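Engineer: pasting the structure only:
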């Protein structure tokens, strides 16, 4: 039986070791066969193959069938001269969050993506070869609303093209919640399973009226497309047409992973073992964040991998009453809200989405947006003016609970000076934007 | 062997429904099997590795480029089962045109290989519905067998063909189950038995040639334990199949084109869920006739190819595999697989000699029930007779 001192000691050790990682190049989420002992290059190649089919499929995974992303002929006729990709596709080049220190069988913390903030400097095109760097920048311990400790791990990921020119950056925040029920390892003992849930939820049952409303919203979604939205025609207070997702279901859990699997190596640097004998060997050895082995509550197999997001039988191991979504996936969907409204000529310069609570299997999602600012901006080291609008966004589940919120900066065309000039001129290297800055609407 | 089934309440007119399905499917004979979502379009390392990860295949012929470069094949190749990542031969004919009280299950897959899929090849497949015939009467109900034929192309060459049979079983959705089962709960002794099997698994034969002359009828293939199946295995196989995975709003629009595949989700009542995916979801599988989340049949075929390639060594070539999927493999199930050599012979094709063995294979679950059985033909090297590919210059498709 783990006592309170052992638990607290494990948490303190995690904190100390994680703080010591600040400023060092991350070894998480590297491509297979990259060195995982920290001896690799600070900027490493991703296996993400940006061909037209992959871009088309990616757009599908976030519910965006904008022909700019799915139809190369349409893209060739567009102002970009080619099909382009939604910017957040870069999440598949490197996951924009850092889990912190690890050890065999892990630390007793439940991890959740807290939010991702994007900065884009150019559009993403087929044929681009992406390299990345990732660095843990901050470890914060805010007061939790539940009266327990929580830790925020803020990292910086930079995405480069083949000539090492930054295309985008992401500031990702990972929330680590100490869980006493886990004892001293990442996987709680089976006897503690179900003892404590972070939320009280049952699968939501939809009334015919609710379904009719959601379906009407999906079918009524409008896209501006090639008709420019001029900056001059936008006013503070303008409301963006909301986007809707039907209830999250198992195939949605496949969407994100359908592209991500294979792009990230295993904990020993080889292929990420997820199935059958190779996975069994890893689980038995106690390696693999956060896939440490756990006892399956039904089969009793002691080396069950940690599919806590999607598996009804295992989600309790993360303190959740139902399977739940990937926050990283939810954070990408609002780019459709922005793209539908701003049209092909708008350029998403910044976009953030902070996760308030999980979207459980069976939960629907609506994302709303409103213009909260309108301004002329000049990028650092550049005299090029951009005409920007700032949008505040918020996502709600079918219960009306806020599940995510964020902001975006969109550069729009003007009648006087035409389309936004791309790529955006940069200071080199673009500086890290601290957590307390990038989470504020004033930075956008 | 057929699974047992529970039944409740009055039955619909299954015979009329199956007659209707048969007639409607026959209108599609010879047509492209557009209902099968296409998988990988390129045999790049990411797609190949997804297949390897999904099947737990650590054979260095496929995972290690240097090892592959030193092999008789002179470079990286995909495992033979990779063709299932291009397309699974499982058209359901007209089943999705309107609602039927039925479930479809992949029943049989026959594969012939003529050459390897090589790393970096562009790959595609042409699939057509080849037959729609009455299946056997099972539990006093008529079934329908739908046959798909597929030709796989890699780097411009036809490298393999497949025939797949999907059997449509009449079933009262929401009231009946295809099997009286629950997720298996393992005893300590069973767990120890599985661990012993995993620990005893032999390493792959690798570069040491498995000479035809050194093989005897009756030789056993090293046993292979695969399981217990969890969501990791279900998911990684879905990924390995390489099909697009759009988000819910786009799936809703696609689903409107498949009225026979629409069913309300049992957990939420959301009325536009995919019936054919509900079987993988613990919250809705019972409603569509499956007592527990179920694996996709093609995964068993891929595991069977792995057992053969582990045994046969780098210099051999898997020519043919025919797998009969006798029992659904559910979440939590463990497969105990084995095989034995049943014949030795020599084939002469295009004036080349191929030293062949015929192998029986099988996979049993933890309840000793046969999950699949099959036969294969493996071309083994013989001294002075390395295998020359392609097998046939004009490979039929």
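Structural biologist: Yep, that arrived. Source: prediction; values computed, not measured.

Engineer: and residue 162, what element?
Structural biologist: Reading this off chain A. Here residue A:162, judged by DSSP states H and E, is contained in no helix and no strand.

Engineer: not quite, go with chain B.
Structural biologist: Using DSSP H and E, residue B:162 sits within strand B:157-170.

Engineer: against which helices or strands is that strand packed?
Structural biologist: helix B:14-26, helix B:83-86, strand B:102-113, strand B:144-154 (3 or more CB pairs under 8 Å, 6 or more residues apart in numbering or on different chains; DSSP states H and E). All C-beta spots, glycine's among them, are computed from the backbone N, C-alpha and C.

Engineer: select, out of these, the one closest to chain A.
Structural biologist: helix B:83-86 (11.2 Å; CB to the nearest CB).

Engineer: contacts for that closest one?
Structural biologist: Residues from elsewhere that reach helix B:83-86, judged by CB atoms under 8 Å, 6 or more residues apart in numbering or on different chains: B:38-40, B:47, B:50-51, B:111, B:113, B:117, B:123-125, B:152, B:159-160, B:162, B:240-242, B:298, B:301-302.

Engineer: in PyMOL, how would I select the buried members of those?
Structural biologist: A single PyMOL command selects the buried members of the contacts of helix B:83-86 (16 or more other CB atoms under 10 Å in any protein chain shown):
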select buried, chain B and resi 38+39+40+47+50+51+111+113+117+123+124+125+152+159+160+162+240+241+242+298+301+302
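
Engineer: among the contacts of helix B:83-86, which lie within strands?
Structural biologist: Cross-referencing these against strands under DSSP state E gives B:111, B:113, B:123-125, B:152, B:159-160, B:162.

Engineer: residue B:254 is in what secondary structure piece?
Structural biologist: Assigned by DSSP H and E, residue B:254 belongs to helix B:248-255.

Engineer: run through who's touching that helix.
Structural biologist: By CB under 8 Å, 6+ apart, the list of residues contacting helix B:248-255 from outside reads A:60, A:63, A:65, A:215, A:218, A:221, A:243-249, A:251-252, B:246, B:261-262, B:272-274.

Engineer: who are the neighbours in contact with residue B:90?
Structural biologist: Contacts for residue B:90 (CB under 8 Å, 6+ apart) come out as B:36, B:106, B:148, B:164, B:166, B:297-298.

Engineer: next, the closest residue to residue A:367 other than its chain neighbours: secondary structure please.
Structural biologist: Among residues not flanking residue A:367 along the chain, residue A:395 sits closest, at 4.6 Å (CB to CB, 6 or more residues apart in numbering or on different chains). Assigned by DSSP: H, G, I helix; E, B strand; the rest coil, the conformation of residue A:395 is strand.

Engineer: okay, and the beta partners of the residue lying closest to residue B:292 once chain neighbours are set aside?
Structural biologist: With sequence-adjacent residues excluded and distances taken as CB to CB, 6+ apart, residue B:292 is closest to residue B:330, at 4.2 Å. Beta-bridge partners for residue B:330, by DSSP bridges, are residue B:294.

Engineer: phi, psi for residue A:15 please.
Structural biologist: In terms of degrees, to the nearest 10, the main-chain angles of residue A:15 are phi -60, psi -50.
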